Each structure stands twice: as C-alpha cells, then as structure tokens.
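Visitor: Structure of the sequence below:
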Amino acid sequence: MRPTYREEPCRSALNRVEGMPFRWSLNPYMGCAHRCAFCYVRAFERRADRPSDDRYGADVRVKTNFVEVLVAELARRSWAREPVVLGAATDPYQPAESRYHLARGAIGALARAWTPFDIITRGPMIVRDLDVLARAARRVRVRVHVSIISLDERVWRGLEPGAPSPGARLNAVRALSEAGIDVGVAVAPVLPGLTDDRASLEAVVRAARAAGAVRVWARELYLGSGTKEHFLAALERGWPGERERCERLYARGAYLPREAGERMRGAVAALARRHSVADRRTVRLTPEVEPPPRAEERQLGLLFATARAACTE
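Guide: Numbering: from 1, shown residues only. All right, here's what the predicted structure looks like:
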C-alpha cells in the first residue's frame with residue numbers, strides 16, 4: 001500500500017515529552033508508512049480521534065517547513081541544548097524521507113546548535129546520511145538505535161508490513177558502526193508468545209553483535225486503546241492461538257505486569273552480556289571541541305545563516 005502525502009507546514013518542531021526517559025522529541029512526519037501492527041502511536045491516534053486501524057499509515061503528513069521552524073527554536077535564548085530524540089512517534093527514515101530530506105536537515109540543525117541527539121528508526125535509508133551524521137558526531141553526542149524485533153520473516157511480513165527487512169536493517173547497523181557512529185539495536189517491542197522466547201531473542205542479540213552494535217536493549221509491548229485492538233486483530237489473522245494469551249497478559253492495563261516486564265528486559269540484558277555486546281568500533285566518532293557559550297553562538301549567527309543549507313545538504 002502506497003501512502004498519500006499531505007504537505008502541511010507546522011507551527012512547532014520540538015515536542016516536550018512526559019513520562020519518557022527523554023524530555024524532547026522531533027517528528028518530521030505525522031503517520032508512518034511502516035504500519036507496524038504493534039505501534040504505540042496508534043493509541044495516540046485513537047485518543048485524537050484519528051484512524052488507528054488499517055488506515056493508519058495510508059496518509060502521511062509532511063511538515064514542509066520543519067527544518068526552518070527547528071532552526072528558529074534552537075536559536076532561542078531559552079534553549080538549553082538538552083538531548084533530543086528524533087523519531088519517537090514516527091520513523092524519520094520512512095519512504096517520505098527519500099523525497100523530503102527533513103531528517104537530514106534536522107541532523108544538521110541540531111549539530112550546528114550544539115544539541116546532542118538520538119535517532120530511532122527501522123529505516124536503512126539512514127545510511128544515506130552518513131556524511132551529515134559523521135559531521136554531527138564530531139560536534140555533539142550522537143546515538144542511533146535501529147529497531148529489530150525478530151529475524152523471523154513471518155513476523156516481519158505479518159507485523160511490520162511496510163518496514164524494510166531485518167537483514168537490511170542489520171546491514172545499516174554494520175555500515176553505521178564501520179563509519180564510527182554509535183549505533184545500537186533496540187529489540188522493541190518484545191512480543192509475548194511470538195518473539196520473547198530465548199531462541200528468538202538470542203538470534204537478534206547475536207546478529208546485532210556481529211553487525212557491530214555497541215548495545216542491545218529491549219522494550220515491552222504497549223497495548224493502549226487503539227493499538228490493542230489492531231494488534232489483537234493481527235494476531236487473530238496470523239497467530240490465532242496467541243490472541244487469548246495476549247488478552248490475559250494485558251487484561252489489567254496497557255503494559256505487562258511489572259515482574260514480567262523486568263524479567264523480559266533482564267533476559268535481553270543477560271544475553272547481551274553473554275555474547276559480549278560492546279563497543280568494538282575501530283573508528284569512534286566523538287565531539288572534538290567544546291561548544292561555545294550561548295552568547296557567542298548567537299553573535300556568530302550560525303543558525304539562521306545556515307538554515308536553508310540544512311534543507312539541501
């Protein structure tokens with residue numbers, strides 16, 4: 001299914017985040033063509049009275065002025081250069097990025113504003129931007145997290161219908177690592193009954209280590225209203241025997257019981273230790289200079305002078 005794109009300007013780029021391990025996020029697109037059945041954003045879409053079913057991902061909003069707005073926000077006196085996550089609610093390297101280059105422009109803007117950032121993606125297209133990532137990593141702290149829930153082709157095709165293959169994502173991890181970028185693999189989310197067995201988790205950890213990932217981490221499945229209905233329907237189609245089990249596990253809320261979640265994350269951490277997942281890069285790109293004082297940065301006018309260049313690099 002090919003999505004349609006709506007080109008619409010935005011009034012803000014930086015989003016303040018609550019209840020997450022980071023305070024700021026950036027999402028150059030609204031909607032995601034990867035259409036993952038377990039995507040937690042479906043729950044947010046339901047809450048906003050937007051489609052969370054099979055229609056989600058069929059219509060993607062492109063924030064055409066995203067980079068210019070971001071540049072202006074980063075230039076504010078109040079901006080404290082706090083870490084930013086690119087791709088918390090939509091994949092910045094979904095197919096639209098090949099045309100609009102908004103993630104690429106954001107990377108340049110963040111680096112010029114001395115703002116550290118993380119990128120979360122299932123899109124191997126990120127390798128296209130190795131040049132701007134390398135420049136950014138010499139200036140600020142940069143981390144990339146490539147999401148891979150399973151190496152099983154059936155799981156991929158059934159639950160991540162619009163996303164590139166796990167093999168393509170592992171190739172991207174390898175390319176990023178070899179270029180010196182700090183890149184890890186996120187087993188996110190772990191799916192009870194489908195990808196939480198030891199063999200499945202170990203296969204991802206071993207492949208991540210072989211590809212050069214410096215870390216592997218996991219996140220549990222979130223089944224808020226909107227996500228839950230869609231995910232259970234996908235289970236009914238592909239794995240009908242697992243639907244009842246999943247309903248039981250999530251009978252009391254959108255998350256697994258605390259003990260189950262901790263056990264899952266602990267299992268992945270233990271596998272990462274067992275297989276010696278660590279930083280093995282022969283080249284490590286790290287910031288080479290200290291950021292200047294904010295007053296000096298404003299005086300030089302670095303941000304606005306290069307705003308347009310950020311869109312076209």
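
Visitor: which residues touch Glu160?
Guide: His34, Arg35, Cys36, Ala37, Arg122, Ile149 (Cβ atoms under 8 Å, 6 or more residues apart in numbering). The way it works is simple: take the backbone N, C-alpha and C, and place the C-beta from them, glycine included.

Visitor: The protein: strands as residue ranges?
Guide: 4-8, 14-16, 24-26, 29-30, 59-63, 84-86, 117-121, 142-147, 182-190, 216-220 (DSSP state E).

Visitor: quick one: which of the contacts of Glu160 is nearest Val283?
Guide: Nearest to Val283 out of these is Arg122 (Cβ to Cβ; 24.9 Å).

Visitor: Quick check: the gap between the closest one and Pro164.
Guide: 7 Å (Cβ to Cβ, to the nearest Å).

Visitor: Next: Ile107.
Guide: Taken as Cβ to Cβ, the span from Ile107 to Pro164 is 20 Å.

Visitor: Of these two, give the one with the bigger neighbour count.
Guide: The neighbour comparison of Ile107 against Pro164 (other Cβ atoms under 10 Å) goes to Ile107, with 27 against 20.

Visitor: Let me know the angle separating the longest helix seen in the chain from strand 182-190.
Guide: If you go by DSSP state H, the chain has its longest helix at helix 258-274. Using axes from the mean of the first three to the mean of the last three Cα atoms, to 10 degrees, one finds that helix 258-274 and strand 182-190 are set 140 degrees apart in direction.

Visitor: model confidence over helix 258-274, on average?
Guide: Mean pLDDT, computed over helix 258-274, is 96.

Visitor: Out of the contacts of Glu160, which two sit at the greatest distance?
Guide: The widest separation within the contacts of Glu160 (Cβ to Cβ) is 14.2 Å, between Arg35 and Ile149.

Visitor: okay, these two: which has more neighbours?
Guide: For Arg35 versus Ile149, neighbours defined as other Cβ under 10 Å are more numerous around Ile149 (28 against 22).

Visitor: Excluding chain neighbours, what is closest to the more buried one?
Guide: Thr195 (5.5 Å; Cβ to Cβ, 6 or more residues apart in numbering).

Visitor: was I right about the one you found contacting Ala188?
Guide: No. Using Cβ atoms under 8 Å as the test, Thr195 is too far from Ala188 to be in contact (10.5 Å).

Visitor: How much space separates the spatially most central residue of the chain from Pro293?
Guide: Nearest residue to the geometric centre of the chain (Cα atoms, centre = their mean): Ile120, 2.0 Å. Ile120 is 31 Å from Pro293, where distance means Cβ to Cβ.

Visitor: With Ser177 instead?
Guide: Taken as Cβ to Cβ, the span from Ser177 to Pro293 is 34 Å.

Visitor: low pLDDT regions in the stretch 201-313 of the chain?
Guide: Counting by pLDDT under 70, the ranges of the stretch 201-313 of the chain that qualify are 294-313.

Visitor: hmm, back to that, so which of the strands of the chain is nearest Tyr100?
Guide: Between Tyr100 and the strands of the chain, the shortest separation by Cβ to Cβ is 5.6 Å, and it involves strand 59-63.

Visitor: For the stretch 51-200 of the chain, which segments count as helices?
Guide: Taking DSSP state H, counting those that start in this stretch, the helices of the stretch 51-200 of the chain run over residues 66-74, 97-100, 102-112, 130-137, 153-159, 166-178, 198-211.

Visitor: Now do the fourth one against strand 182-190, angle only.
Guide: This points to helix 130-137. Using the same axes, to 10 degrees: helix 130-137 against strand 182-190 is 100 degrees.

Visitor: Now do the contacts for Ala13.
Guide: Leu26, Pro28, Lys63, Phe66, Val67, Val69, Leu70, Glu73, Ala106.

Visitor: neighbours around the closest residue to the first one other than its chain neighbours, how many?
Guide: Read that as Leu26. Nearest residue to Leu26 in three dimensions, chain neighbours excluded: Leu86, at 4.7 Å (Cβ to Cβ, 6+ apart). Neighbourhood size, Leu86 [other Cβ under 10 Å]: 24.

Visitor: ok, now which ones touch Leu86?
Guide: Leu86 neighbours (Cβ under 8 Å, 6+ apart): 25-28, 92, 103, 106-107, 110, 117-120.

Visitor: Reformat those as TSV; add distance to Ala269.
Guide: Formatted as TSV, the contacts of Leu86 follow (distance: Cβ to Cβ, whole Å):
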residue	distance to Ala269
Ser25	25
Leu26	28
Asn27	28
Pro28	32
Pro92	27
Ala103	29
Ala106	31
Ile107	29
Leu110	29
Phe117	24
Asp118	19
Ile119	22
Ile120	19
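
Visitor: now, which of these sits nearest Glu229?
Guide: Asn27 (23.3 Å).
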